[in-house]
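# Okay, here's the prediction I keep looking at, along with the sequence it came from:
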Amino acid sequence: MPTAVSQTPPFEDHMSEAYQRLRSSLTAMVLAARGKVTFPQDLARHLKINKNLAWRVSKIIEAPTPEAGIPHLPGAGGLKLLLDAARNAGSSDDVIERVESAHAAFLEMVQTHAGDQETLQLLLDGRSDGDALAASRRMAFRGNSGIVGVQARAKLTASFLAPSAEDPDKLDSLLIGGFVDVCRLRPAEGWPLFRIRHYLGHDGPAAAQQLDAQVMYDRFGQLDEFDDESCSDLLLERDEHGLTYRLGPGRVGKTGTFSTYFGSPLLGVFDRYASPEDPMGEIYSIVEVPVETLLFDMFIHRDLGYGSSLELSVFERPGGGLDDHLVRTKRQHLPISIQPERLRGSPERCISPVCPRYPEVIRRTTAATGWDLGAFTCYRFVLTYPPLHSTAIVSFPLDERPET
């Protein structure tokens, strides 16, 4: 005998059918009341309902997908106000009953697949196009901030890529990173902020390169070179992998807020051209601190063809370690898709409200490179509330080697 579960439509089909039925019944009801469905102001005036309820109804009628429309559904009280207003405006009892029946069927779908409206929102959150998991990421930021004991307004990751000055088959790169407004919510000494690593090239141990870091520190409105002997907000740890900067002791709350940035050149290590073993290049940013915004900029030299093919992927790291970013599976790939914004003009003009010191940081970190900054184009990815213990990776197909 078939079970009740086997007779229940899958969530996606059941949700779509229930939503479209409710949406079409609402549209018919508004039209029967002679309201203009896409004009909230007109709808509010004609049905004599408040503007917020009218706006919600218009959003549902305009939204073709459940993901876009369901968040705007009014509660039971709002729906009753709407039905009473539509009845007073001329909608027949049959039209009203169709809305009531569709709404009851929708609530039954919610109960069957989610149990409650809050869980339904979580089911929808992972299905939305583009900036998926936005609501979940926002909630996680607050919870993780309290658990970890520290948060930051923004994390900055920027990478300059240019043809190597020494080897035409290699790339010169400059990595810029940092945090804006790091704030302790409780003593959290030792929490890792960022790591500057040795890089082992494809040519074996001989290609290993020590990353020299230029670290800058802003505590009192002045961007100074970091001195690990006089600064207690950052603790420097050295090991065989490189340098790790950890949170030091300091004040809890706003009065202990600070910002820190670093620049690390990596010259002639990355391959410029695609090979069968390595057709892609990638730059990654490890999220180890709860942050409101990840600002991820790629500065591509005009002689490289990477700009139009940049893609950002986000992978969760269940282990949470700084070295887990290399192990990635399809299951760990989060459904987050952010399109880059192409910014024209000098990199020094690529300002951002989340990082007021950005132009100055770029000037200081690029000063010794000798690069013509006008030769670079910035491609910007902005991810709000990036998941804690995740890795954001910008990948791009490497240029094909020119024929000789």
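Structure received.
# what's around A86, how many residues?
24 (other C-beta atoms under 10 Å). Using the backbone N, CA and C atoms, a C-beta is placed for each residue, glycine as well.
# Going along the chain, name the strands of the stretch 201-350 of the chain.
214-218, 223-225, 234-239, 242-247, 258-271, 280-287, 291-301, 311-316, 341-343 (DSSP state E, counting those that start in this stretch).
# Out of those strands, flag the one nearest L79.
strand 291-301 (34.7 Å; C-beta to C-beta).
# remind me which residues of the stretch 1-150 of the chain are low pLDDT?
By pLDDT under 70, the low-scoring segments of the stretch 1-150 of the chain are 1-6, 34-38, 128-131.
# what domains does the record give for this protein?
If you go by automatic domain parsing, the domain ranges for the chain are 4-125, 134-186+253-397.
# Can you name the residues that contact G177?
Shown in contact with G177 (C-beta atoms under 8 Å, 6 or more residues apart in numbering): K155, L156, T157, A158, F194, Y261, F262, S264, S285.
# quick one: which of the residues you listed is most hemmed in?
Neighbour max across those (other C-beta under 10 Å) = K155, 29 neighbours.
# Chain neighbours aside, what residue packs nearest to that one?
Spatially, and ignoring its direct neighbours in sequence, K155 is nearest to V291 (4.5 Å; C-beta to C-beta, 6 or more residues apart in numbering).
# can you tell me how far the one you found sits from L120?
28 Å (C-beta to C-beta, to the nearest Å).
# one step back: turn the domains of the chain into JSON lines, including distance to Y245.
Formatted as JSON lines, these follow (distance: least, C-beta to C-beta, whole Å):
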{"stretch": "domain 4-125", "distance to Y245": "33"}
{"stretch": "domain 134-186+253-397", "distance to Y245": "7"}
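# Quick one, which of those domains gets closest to E237.
Using C-beta to C-beta, the nearest of the domains of the chain to E237 is domain 134-186+253-397, at 11.3 Å.
# got the end-to-end distance for the closest one?
End-to-end distance for domain 134-186+253-397: 28 Å, by C-alpha to C-alpha, to the nearest Å.
# mind checking how far that domain is from the chain centre?
11 Å (C-alpha atoms, centre = their mean, to the nearest Å).
# what separates L267 from E100, distance-wise?
L267 is 70 Å from E100, by C-beta to C-beta.
# Compare those two (neighbour count), which wins?
The residue with more neighbours, out of L267 and E100, is L267; 17 against 13, by other C-beta under 10 Å.
# So the more buried one is in contact with D167, correct?
No: using C-beta atoms under 8 Å, L267 makes no contact with D167, being 9.3 Å away.
# where along the stretch 1-150 of the chain do the helices fall?
With DSSP state H, counting those that start in this stretch as the criterion, the stretch 1-150 of the chain has helices at 4-7, 11-32, 40-47, 51-62, 66-69, 76-88, 93-113, 117-125, 134-148.
# Nearest to E311, out of the ones you listed?
Of these, nearest to E311 by C-beta to C-beta is helix 134-148, at 19.1 Å.
# What helices and strands are in contact with that closest one?
helix 117-125, strand 376-384 (3 or more C-beta pairs under 8 Å, 6 or more residues apart in numbering; DSSP states H and E).
# would TSV of the ones you listed with distance to R251 and mean neighbour count be doable?
TSV is the format used below for those (distance: least, C-beta to C-beta, whole Å; neighbours: other C-beta atoms under 10 Å):
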stretch	distance to R251	mean neighbour count
helix 117-125	36	15
strand 376-384	27	20
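# Serialize these to CSV and add fields for distance to P397.
Formatted as CSV, the helices and strands packed on helix 134-148 follow (distance: least, C-beta to C-beta, whole Å):
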stretch, distance to P397
helix 117-125, 31
strand 376-384, 14
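# closest one to I70 among those?
Short answer: helix 117-125, nearest of the helices and strands packed on helix 134-148 by C-beta to C-beta, at 6.1 Å.
# what's the nearest residue to R138 once chain neighbours are set aside sitting at in phi/psi?
What sits nearest to R138 in space, not counting adjacent residues and going by C-beta to C-beta, 6+ apart, is Y385, at 5.1 Å. In terms of degrees, to the nearest 10, the main-chain angles of Y385 are phi 50, psi 60.
# Point out where the stretch 251-400 of the chain drops to low pLDDT.
319-330.
# Next, the contact list for the nearest residue to R272 once chain neighbours are set aside, please.
With sequence-adjacent residues excluded and distances taken as C-beta to C-beta, 6+ apart, R272 is closest to L171, at 5.0 Å. For L171, the contacting residues are L161, A162, P163, S164, G268, V269, F270, D271, R272, G281, L304, by C-beta under 8 Å, 6+ apart.
# Next: L47.
V30, A33, G35, A54, L82, A85, A86, N88, A89.
# ok, it to K80 distance?
13 Å.
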